[in-house]
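Engineer: missing the sequence, but the structure's below:
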């Protein structure tokens, strides 16, 4: 599936990462994120960038926890069908 390929590609090197779009809402067109969801996706990108560049310390990880790094929904590749308000799952960050 496309999402599985994105996650595989995003895990293929040290200068590329993937963040999940799990739980983020769209504007009603199943294509564009709502403004709240876009803000959250930006936070997830920032968190991934900090992980990739070594900018996270134990204190920050303790305060934020795993909220900015939700798991991907790829347990049985291609079997997940997003709900009406849920966009696709994977989003790529190229450093």
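Structural biologist: That came through fine. The structure presented is a predicted model; accordingly, all values stated were derived computationally and were not measured.

Engineer: what's the following helix or strand after the helix ranked longest in the chain?
Structural biologist: In the chain, assigned by DSSP state H, the helix with the most residues is helix 35-53. As assigned by DSSP states H and E, the chain's next helix or strand after helix 35-53 is helix 58-64.

Engineer: where does pLDDT dip in the chain?
Structural biologist: 73-95 (pLDDT under 70).

Engineer: next, the buried residues of the longest helix of the chain.
Structural biologist: Neighbour counts over helix 35-53 (16 or more other C-beta atoms under 10 Å) mark 37, 40-41, 44-45, 47-48, 50 as buried. Every C-beta, even on glycine, is put in place using the N, C-alpha and C of the backbone.

Engineer: what is the nearest of these to residue 7?
Structural biologist: Ranked by distance to residue 7 (C-beta to C-beta), the buried residues of helix 35-53 are led by residue 48 at 12.7 Å.

Engineer: and the residue nearest to the closest one when sequence neighbours are not counted, bridged to which residues?
Structural biologist: In space, residue 48 comes closest to residue 17 once its chain neighbours are excluded; the distance is 4.5 Å by C-beta to C-beta, 6 or more residues apart in numbering. Taking DSSP bridges as the rule, residue 17 bridges to residue 93.

Engineer: show me what contacts the residue of the chain positioned farthest from its centre?
Structural biologist: Distance from the centre of the chain peaks at residue 59, with 22.0 Å (C-alpha atoms, centre = their mean). Contact analysis of residue 59 by C-beta atoms under 8 Å, 6 or more residues apart in numbering lists nothing.

Engineer: before we move on, what about residue 32?
Structural biologist: Each residue near residue 32 by C-beta under 8 Å, 6+ apart is listed here: residue 26.

Engineer: wait, which of the buried residues of helix 35-53 is closest to residue 63?
Structural biologist: Nearest to residue 63 among those, counting by C-beta to C-beta, is residue 47 at 11.9 Å.
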